[in-house]
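Undergrad: how would this look folded up:
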Amino acid sequence: MSNASSPAPGLPAGTQVLVTGGGGFLGKAIATMLAQRGVKVRSFSRGAYPELEHLGIETVRGDLTDRAAITNACRGCEVVFHVAAKAGMWGPYEEYYQANVIGTENVLAACRELKIKRLVYTSSPSVVFGGKDMENADESVPYSEHYETHYPRTKAMAEKLVLAANGPDLATVALRPHLIWGPGDNHLAPRMIAAARAGRLRIVGNNTNLVDTIYIDNAAEAHLLAAERLAPGAPCAGKAYFISNGEPRPLFDMVNLILVAAGEPPVTKTIPAGVAWCIGWAMEWIWTIFRLSGEPRMTRWLASEMSTAHWFNIAAARRDLGYEPRVSIDEGARRLAAWFKEHPPQPPHA
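TA: Numbers count the residues shown, from 1 in each chain. All right, here's what the predicted structure looks like:
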């Protein structure tokens with residue numbers, strides 16, 4: 001992690017914190033950055049993560065839907081980073097609702113019961129995405145009135161709960177990182193590489209749509225900065241913030257940057273955005289009618305995401321959180337390429 005030798009912003013050594021989803025890509029980065037700076041970290045995840053224990057991080061296994069387990073994990077903590085969520089573009093609504101909404105309700109209840117003062121929530125820009133271009137969008141953009149998939153719908157519900165819970169006894173803030181990438185990615189890059197190797201990856205549209213991304217260290221540090229600035233009545237309390245690298249680029253330029261870093265050839269074949277959308281509609285219909293397992297390779301939501309602009313004004317995060325992306329896209333690409341040399345991409349698990 002970058003800047004590992006500097007003190008944790010606003011979190012003195014010995015401070016006890018909880019990171020939900022500490023075994024995930026972002027959660028692990030946050031937990032690691034905190035531990036390297038002398039903060040006492042407890043991770044709450046469903047799986048076992050020995051690599052966290054090797055860093056001196058306490059690991060607790062449990063499910064977000066288990067209120068008692070969440071409460072026990074929060075006990076003794078001064079700050080909670082609620083990172084865990086069910087992501088994806090397909091699956092039963094109830095699974096997303098239970099993990100993302102009920103899970104968040106349980107975290108909030110634990111914070112209130114145990115009188116925890118600070119909660120940093122990881123949200124998503126998708127909560128305001130309505131299928132159209134978003135260019136230089138800021139936090140004044142309203143929540144979408146329609147969602148094509150359950151992930152953004154339930155994340156929006158959870159974000160509203162978190163922001164509404166802000167008050168004199170519990171200060172809350174929501175961060176909306178967009179397309180996190182970098183070393184250790186166990187979600188975005190592996191799927192992208194697998195699709196490219198299988199010859200399924202296509203440039204959707206004409207690749208003129210600019211998209212924001214965020215390098216993993218920048219995303220993690222933004223969460224630490226939010227915890228530093230957060231307090232009842234603070235400027236950031238009760239608010240949501242877009243965070244990104246502040247370097248919007250054509251989407252498939254970023255896709256190819258990651259592929260090349262992994263030693264794969266860049267994708268060059270294209271498909272019209274309208275055709276991709278129709279394929280997505282057809283696949284959704286087939287998956288629904290025949291109740292197929294797994295995710296469709298294309299959905300209407302994914303076609304829209306891949307062919308529209310998504311870049312955000314991060315002036316508010318700079319002003320209220322002191323956030324400044326320290327690792328540029330080009331530097332991140334160099335770090336990613338070096339990491340892939342040590343950790344060659346493997347075929348995805350069946």
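
Undergrad: Heading C-terminal from the longest helix that the chain contains, find the next helix or strand.
TA: Secondary structure of the chain per DSSP state H: the longest helix is helix 273-290. Going down the chain from helix 273-290, the next helix or strand is helix 300-307, by DSSP states H and E.

Undergrad: Mind giving me the packing neighbours of the helix or strand following that following helix?
TA: Downstream of helix 300-307, the next assigned helix or strand under DSSP H and E is strand 310-312. Secondary-structure packing of strand 310-312 (3 or more CB pairs under 8 Å, 6 or more residues apart in numbering; DSSP states H and E): strand 134-137, strand 210-211. Every C-beta, even on glycine, is put in place using the N, C-alpha and C of the backbone.

Undergrad: ranking those strands by burial, who's on top?
TA: strand 210-211 (a mean of 21; mean count of other CB atoms under 10 Å).

Undergrad: Show me what the next helix or strand after that strand is in contact with.
TA: Next along the chain after strand 210-211, taking DSSP H and E as the criterion, comes strand 214-215. For strand 214-215, the external contacting residues (CB atoms under 8 Å, 6 or more residues apart in numbering) are 177-182, 222, 243-245, 325, 327-329, 332.

Undergrad: same check, this time on stretch 151-165
TA: Contact with stretch 151-165 is made by 82, 85-89, 93, 96-97, 99-101, 103-105, 108, 111-112, 119, 121, 123-124, 126-129, 143-144, 147, 172, 174, 238-240, as judged by CB under 8 Å, 6+ apart.

Undergrad: So how do I select the buried members of these in PyMOL?
TA: In PyMOL, this line selects whichever of the contacts of stretch 151-165 come out buried by 16 or more other CB atoms under 10 Å:
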select buried, resi 82+85+86+87+89+96+97+99+100+101+103+104+105+108+111+119+121+123+124+126+127+128+129+143+144+147+172+174+238+239+240
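
Undergrad: Select from the contacts of stretch 151-165 every entry located in helices.
TA: Those of the contacts of stretch 151-165 mapping onto helices are Tyr93, Tyr96, Gly103, Thr104, Glu105, Leu108, Cys111, Arg112, per DSSP H.

Undergrad: Among those, which one lies nearest to Met306?
TA: Comparing the ones in helices among the contacts of stretch 151-165 against Met306 with CB to CB picks out Tyr96 as the nearest, at 21.0 Å.

Undergrad: In contact with that closest one, which residues are there?
TA: Counting by CB under 8 Å, 6+ apart, Tyr96 touches Lys86, His150, Tyr151, Arg153, Thr154.

Undergrad: what do you get for Thr71?
TA: Each residue near Thr71 by CB under 8 Å, 6+ apart is listed here: Asn106, Ala109, Ala110, Glu113, Leu114.

Undergrad: Need the pLDDT of it.
TA: pLDDT recorded at Thr71 is 98.

Undergrad: which element is it on?
TA: Under the criterion of DSSP H and E, Thr71 resides in helix 67-74.

Undergrad: Just the CA coordinates for stretch 306-321, please, in PDB.
TA: C-alpha atoms of stretch 306-321 as PDB (Å, rounded to 0.1, in the frame of the first residue of the first chain):
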ATOM      1  CA  MET A 306     -20.400  -0.100 -21.100                       C
ATOM      2  CA  SER A 307     -21.600   2.400 -23.700                       C
ATOM      3  CA  THR A 308     -22.400   5.600 -21.600                       C
ATOM      4  CA  ALA A 309     -20.200   8.200 -20.000                       C
ATOM      5  CA  HIS A 310     -19.600   8.000 -16.200                       C
ATOM      6  CA  TRP A 311     -17.300  10.600 -14.800                       C
ATOM      7  CA  PHE A 312     -17.700  12.600 -11.700                       C
ATOM      8  CA  ASN A 313     -16.800  15.900 -10.100                       C
ATOM      9  CA  ILE A 314     -14.800  15.100  -7.000                       C
ATOM     10  CA  ALA A 315     -14.400  18.700  -5.700                       C
ATOM     11  CA  ALA A 316     -16.600  18.000  -2.700                       C
ATOM     12  CA  ALA A 317     -14.400  15.100  -1.600                       C
ATOM     13  CA  ARG A 318     -11.400  17.200  -2.000                       C
ATOM     14  CA  ARG A 319     -12.900  20.000   0.000                       C
ATOM     15  CA  ASP A 320     -14.600  18.100   2.800                       C
ATOM     16  CA  LEU A 321     -12.500  15.000   3.100                       C
END
